[in-house]
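Engineer: compute the structure for the input listed below.
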Amino acid sequence: MEDVGAGPSGSLPRAVALLRVLAASGGEGIRLTDAAERAGVTPASAHRLLRMLIDEGLVEQDVRNKHYRLGIEFFSLAARAGNPGNLREVCRPGLLRLSAALGDTAFLLVRSGYDAVCLDRCEGPVPIRSFTGDIGGKVILGVGQASMAILAHLPEAERDEVIRFNLPRLLNFGPFDEVFFRKGIEQVRETGYAARGSGLLPGMAGVAVAVLDREGRPLAAISIGTTVERLNAERLPTVVQVLRREAEALAAKINPFDAALRKPGHYAGSY
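Structural biologist: Next up is the predicted model:
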């Protein structure tokens, strides 16, 4: 194995690669040799970089099994960086109302380049699965209801660029092709919401609406995740009405001139 850019200028990308490996390893952490292999660096370099990250509080090592995992300081920094304009605090009461009123799990998603990120979620009483998983989870823009709601409200040229970039990323991932994207966008622009499921998460369904600024650009999207049985034709109009009401209330509270809210991932350092 050979380190690329082994000098001081190459330390940052290799440290970031290690952080990504630790993030993917979950709470159990990962051994030094495995982390080095997955990050594409030598064990010696991995050890040196991990010690530096430990000194900064971004990584910690379990004294029992010697596994490395992300430290509390990393999560503290990520929470502040991923919350432009206090968007999570502004939207949290709305998510709580949605979850309480509908009895389902409510989500807040924002755009991050060619992806969408779950900025917050409020659990309902019915266990569900979602594409983004927990807070901080990413999904390719256009996959899932909230992500599709964001994509559909982008300017046409921007939508086309996102589709062009994301199609190769989805070659082996279910029914996602250009027809799928175009139909989803058309449906959202006609009705104002994205609904139901793609079939990739059996039994799961959802509804989402975009939170728009005064120019009609998406600042975020709110959605509920539920089961197919609960999202029947009779209940759907009620769910959409509740979501629209909350989206309009949130749009009035969010500063439409805050550039950080247009591409939160960019300002958070994702791109």
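
Engineer: show me what contacts the residue nearest to Phe176 when sequence neighbours are not counted?
Structural biologist: The shortest distance from Phe176 to any non-neighbouring residue, by C-beta to C-beta, 6 or more residues apart in numbering, is to Leu170 (4.1 Å). C-betas here are computed from N, CA, C, even on glycine. The contact partners of Leu170, by C-beta atoms under 8 Å, 6 or more residues apart in numbering, come to Ile140, Val143, Phe176, Asp177.

Engineer: which one of those residues is nearest to Val209?
Structural biologist: Distance to Val209 across the contacts of Leu170 (C-beta to C-beta) is lowest for Val143, with 17.0 Å.

Engineer: Leu250 against Pro93, yeah?
Structural biologist: No. Counting by C-beta atoms under 8 Å, Pro93 is not a contact partner of Leu250; they are 9.4 Å apart.

Engineer: who has more neighbours out of those two?
Structural biologist: Leu250 (21 against 13; other C-beta atoms under 10 Å).

Engineer: and whichever strand or helix holds the more buried one, what's buried?
Structural biologist: Assigned by DSSP states H and E, Leu250 falls within helix 236-253. Under the neighbour-count criterion of 16 or more other C-beta atoms under 10 Å, helix 236-253 has Val239, Val240, Val242, Leu243, Glu246, Ala247, Leu250, Ala251 buried.

Engineer: any idea whether the closest residue to the first one other than its chain neighbours is helix, strand or coil?
Structural biologist: Just to be clear, that refers to Val239. The shortest distance from Val239 to any non-neighbouring residue, by C-beta to C-beta, 6+ apart, is to Val207 (5.1 Å). What DSSP: H, G, I helix; E, B strand; the rest coil gives for Val207 is strand.

Engineer: for Thr226, grab phi and psi.
Structural biologist: Phi and psi for Thr226, reported as degrees, to the nearest 10, are phi -150, psi -170.

Engineer: what's the distance between Glu123 and Ala149?
Structural biologist: Using C-beta to C-beta, to the nearest Å, Glu123 is found at 21 Å from Ala149.

Engineer: more crowded one of these two?
Structural biologist: The neighbour count for Glu123 versus Ala149, taken as other C-beta under 10 Å, is higher for Ala149 (32 against 12).

Engineer: what distance do you get for that one to Ser130?
Structural biologist: Taking C-beta to C-beta as the criterion, Ala149 is separated from Ser130 by 14 Å.

Engineer: Val188 too?
Structural biologist: To Ser130, Val188 is 18 Å away according to C-beta to C-beta.

Engineer: what of Ile254?
Structural biologist: Counting by C-beta to C-beta, the gap from Ile254 to Ser130 is 23 Å.

Engineer: likewise Ala157?
Structural biologist: Ala157 sits 30 Å away from Ser130, going by C-beta to C-beta.

Engineer: show me which of the two is the more surrounded one.
Structural biologist: Ranked by neighbour count (other C-beta under 10 Å), Ala157 and Ser130 place Ser130 first, with 20 against 8.

Engineer: which residues touch the more buried one?
Structural biologist: Applying C-beta under 8 Å, 6+ apart to Ser130 gives the contacts Thr105, Phe107, Cys118, Arg121, Gly137, Gly144, Leu201, Met204, Gly206, Gly225.

Engineer: could you do Gly57 as well?
Structural biologist: Shown in contact with Gly57 (C-beta under 8 Å, 6+ apart): Gly71, Ile72, Glu73, Phe74.

Engineer: same thing but 7 Å
Structural biologist: Counting by C-beta atoms under 7 Å, 6 or more residues apart in numbering, Gly57 touches Gly71, Glu73.

Engineer: over to the one 5 residues further on?
Structural biologist: With contacts taken as C-beta under 7 Å, 6+ apart, Asp62 has the following neighbours: Gly29, Arg69.

Engineer: ok, it to Arg97 distance?
Structural biologist: To Arg97, Asp62 is 40 Å away according to C-beta to C-beta.

Engineer: next: His153.
Structural biologist: Using C-beta to C-beta, His153 is found at 23 Å from Arg97.

Engineer: thanks again, I'm all set now.
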